[in-house]
Structures are given as C-alpha cells and as structure tokens.
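**Q** With the sequence up front, the predicted model follows.
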Amino acid sequence: MYCRDNLESAERMQRCACLQTETRILTLVIRDADRRTYIEGALLNDNADVPIPSVILRTEHLSRSVNGRLIVDDVSFEVNQGDILAVVGPSGAGKSSLLRLLNRLDEPTSGTYFVEGRDYRDFAPRELRRRVGMVMQSAYLFTGSVADNLRFGPRQRGENLSDAIVSDLVAEVGLPDFASRSVDNLSGGEAQRVSLARALANSPAVLLADEPTSALDEEAKRGIERLVVNIVRQHGLTCIIVTHDTAQAGRVATRVLVMDAGKLKRIGPTQEVLSAEHT
C-alpha cells in the first residue's frame with residue numbers, strides 16, 4: 001500500500017509540473033458554422049497573444065473534365081485569411097479553369113470546396129459570387145458611370161450604396177472624383193481599378209484575380225499590384241491571383257501554388273516554391 005501511494009503521489013506531482021510549464025505544445029482544431037481553423041503542433045507561450053489563422057477557402061479533390069480531358073485534376077489546398085496565393089504554371093496548366101470553379105462560372109465534375117466553412121453548393125450562385133469576388137483579365141465594365149458599376153452588385157440584393165460609400169471606394173482604388181465619370185473614358189489601368197472597386201462593393205471574403213495586369217503597361221501593372229496588396233491588408237481579405245509572371249508572384253504573394261497539366265504540383269511559401277521551381 002505504501003509503495004502504491006508513493007507511486008500515485010509521484011505521478012500526480014509529474015502531472016502538476018507539466019501543467020505549470022511556461023510553454024506547451026498544443027494541437028487545436030477550432031470549428032464553428034462559418035470557419036475551420038487549424039494550429040497543429042504549435043509551440044505557444046501561456047502569456048502570449050498568438051493569432052489563429054482562419055481557413056477561408058478550402059478545396060477537396062476538386063476536378064473538372066471537358067470532353068474526357070481533366071483540365072483541373074484532384075486539386076486540394078487551403079487559403080488562410082490575409083493570404084495572397086499566386087497560382088502559376090505554364091499555359092494550359094489549368095490556372096484560370098481553377099479560378100472559374102471557385103467563382104462557380106464552371107461546375108466541378110467531382111470534388112468540392114468550402115468558403116468560410118460552408119460547402120459552395122449551400123450558397124445561391126449570386127450569393128457565392130458576392131462572397132467570392134472576381135476580377136478578370138479584362139475589366140468588363142457595364143455601360144454607364146463608375147458609380148453605376150459600383151452600385152450594380154449591392155442593388156441586386158436590395159442595397160443602395162450612398163454617394164459617400166461610392167466616393168470612399170473610388171478613392172480607395174486611387175480614383176478620387178471618378179464616380180460620375182463614364183467608363184467609356186477610362187484607360188486600361190483605370191478600368192481595372194474600377195473593377196476592383198466593384199468587387200469590394202460586395203464586401204467579399206475572397207478576391208479572385210485572373211491575370212489582372214497582363215494587358216497593362218509596366219507602370220499600370222505595378223500600380224495594380226500595390227493596390228491588391230493594400231486592399232488585402234486593409235480589408236483582411238483572402239486573395240488568389242493567377243499570373244504567368246513568377247516575378248509578379250514574388251512581389252505580391254505570401255504563398256505560391258504551381259499547377260501543371262491540371263494538377264497541383266507544389267504549394268508553399270513564396271520564395272521556397274519559386275526557388276524550387278528554378279532549380
């Protein structure tokens with residue numbers, strides 16, 4: 001009895017010592033209706049304020065087949081809030097096809113994806129496109145004024161943007177006093193900025209950008225790059241940008257996903273992935 005008591009006492013002391021350790025290794029899985037967050041094997045200090053990255057968009061075995069050919073083939077990845085993920089790869093790799101699935105311009109043949117923890121099929125298409133905004137290679141603005149374009153999306157759900165909000169949006173994309181200007185009188189760079197403002201008017205969680213600077217000169221291109229980075233930071237957005245330009249990916253992205261023949265070839269921190277691609 002004495003030996004057993006001593007043994008139990010020693011075990012209790014050991015457990016207490018573990019609980020009092022200043023740092024501990026945690027594996028947390030936090031789930032709620034709108035998000036799914038992971039911190040795995042993180043070494044945390046008890047007194048430290050550690051930000052928990054929130055997974056905003058997650059794909060699971062996402063595929064699309066056209067005429068018997070897989071153009072997106074079993075692609076699975078996650079993007080956290082605040083991330084800018086650049087999707088790179090050769091022409092025909094499936095980069096733009098992947099983005100079209102995420103905005104439901106095309107339907108997956110198999111697999112699925114989740115936005116803020118919800119399966120994309122749980123959203124009405126219009127609501128999904130509000131939560132997952134998209135900027136195309138060409139701006140595709142509606143006929144009318146800049147303000148008309150910014151008000152279009154919110155108006156579809158019965159919301160009318162005030163003049164003050166419109167003014168704030170155009171100022172945010174570097175076009176103050178452009179609200180009343182006709183879109184017919186915009187340069188390519190200005191039109192792309194309006195396209196960004198129009199996406200922001202819908203208060204998205206995710207911003208998709210499909211080669212948004214490929215038709216612009218170098219000065220306008222760098223301006224759009226800076227603008228995208230600033231918008232993501234200021235609004236806490238998640239951004240996925242398709243680009244054929246790995247130098248651009250290096251300037252704007254926090255992570256890079258490489259596609260080849262429809263498959264995810266590599267994903268990880270920007271410099272790590274780009275260095276691996278050039279070796």
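**A** Yes, it's here. Numbers count the residues shown, from 1 in each chain.
**Q** how about the strands in the protein?
**A** Taking DSSP state E as the test, the strands found in the chain are 23-31, 36-45, 54-66, 69-80, 84-88, 110-115, 118-119, 132-135, 206-210, 238-242, 255-260, 263-269.
**Q** just so I know, which of the ones you listed lies nearest residue 195?
**A** For residue 195, the closest of the strands of the chain is strand 132-135, at 5.0 Å, according to Cβ to Cβ. Every C-beta, even on glycine, is put in place using the N, C-alpha and C of the backbone.
**Q** In terms of secondary structure, what does that closest one contact?
**A** When contacts are defined as 3 or more Cβ pairs under 8 Å, 6 or more residues apart in numbering; DSSP states H and E, strand 132-135 sits against helix 188-200, strand 206-210.
**Q** Domains in this protein, by residue range?
**A** 2-45, 58-277 (automatic domain parsing).
**Q** quick one: terminal-to-terminal distance for the longest one?
**A** Put plainly, it is domain 58-277. 24 Å (Cα to Cα, to the nearest Å).
**Q** tell me the mean pLDDT over that domain?
**A** For domain 58-277, the mean pLDDT works out to 95.
**Q** distance between that domain and the chain's centre?
**A** 8 Å (Cα atoms, centre = their mean, to the nearest Å).
**Q** Now stretch 55-71: buried residues?
**A** 55-59, 62-64, 70-71 (16 or more other Cβ atoms under 10 Å).
**Q** Go through the domains of the chain and pick out the most buried.
**A** A comparison of these by mean neighbour count, using mean count of other Cβ atoms under 10 Å, puts domain 58-277 on top with a mean of 18.
**Q** related to what we said a few turns ago, can I get the helices and strands packed on strand 132-135 in a markdown table with distance to residue 150?
**A** Output for those, formatted as a markdown table (distance: least, Cβ to Cβ, whole Å):
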| stretch | distance to residue 150 |
| --- | --- |
| helix 188-200 | 5 |
| strand 206-210 | 15 |
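**Q** Of all these, which one is nearest residue 254?
**A** Taking Cβ to Cβ, strand 206-210 is the member of the helices and strands packed on strand 132-135 nearest to residue 254, at 13.7 Å.
**Q** Who are the packing partners of the closest one?
**A** Applying 3+ Cβ pairs under 8 Å, 6+ apart, we find strand 206-210 packed against helix 95-102, strand 132-135, helix 218-235, strand 238-242.
**Q** Give me the sheet partners of it and which way each runs.
**A** strand 132-135 (parallel), strand 238-242 (parallel) (DSSP bridges).
**Q** Those strands: which one's closest to residue 97?
**A** For the strands paired with strand 206-210, the distance to residue 97 is smallest for strand 238-242, at 9.8 Å, taking Cβ to Cβ.
**Q** Compare the helices and strands packed on strand 132-135 and give me the one nearest residue 222.
**A** Of all the helices and strands packed on strand 132-135, helix 188-200 comes closest under Cβ to Cβ, at 10.1 Å.
**Q** ok, residues contacting the closest one?
**A** 133-136, 139-141, 146, 149-150, 152-153, 169-170, 172-175, 178, 183, 186, 207, 212-213, 215-217, 219-220, 223-224, 227-228, 231, 235 (Cβ atoms under 8 Å, 6 or more residues apart in numbering).
**Q** try 7 Å this time
**A** 133-135, 139, 141, 146, 149-150, 153, 169-170, 172-175, 183, 186, 207, 212, 215-216, 220, 223-224, 227, 231 (Cβ atoms under 7 Å, 6 or more residues apart in numbering).
**Q** could you dump the strands of the chain to TSV with distance to residue 159?
**A** Converted to TSV, these look like this (distance: least, Cβ to Cβ, whole Å):
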stretch	distance to residue 159
strand 23-31	31
strand 36-45	29
strand 54-66	23
strand 69-80	27
strand 84-88	28
strand 110-115	20
strand 118-119	21
strand 132-135	15
strand 206-210	19
strand 238-242	23
strand 255-260	33
strand 263-269	36
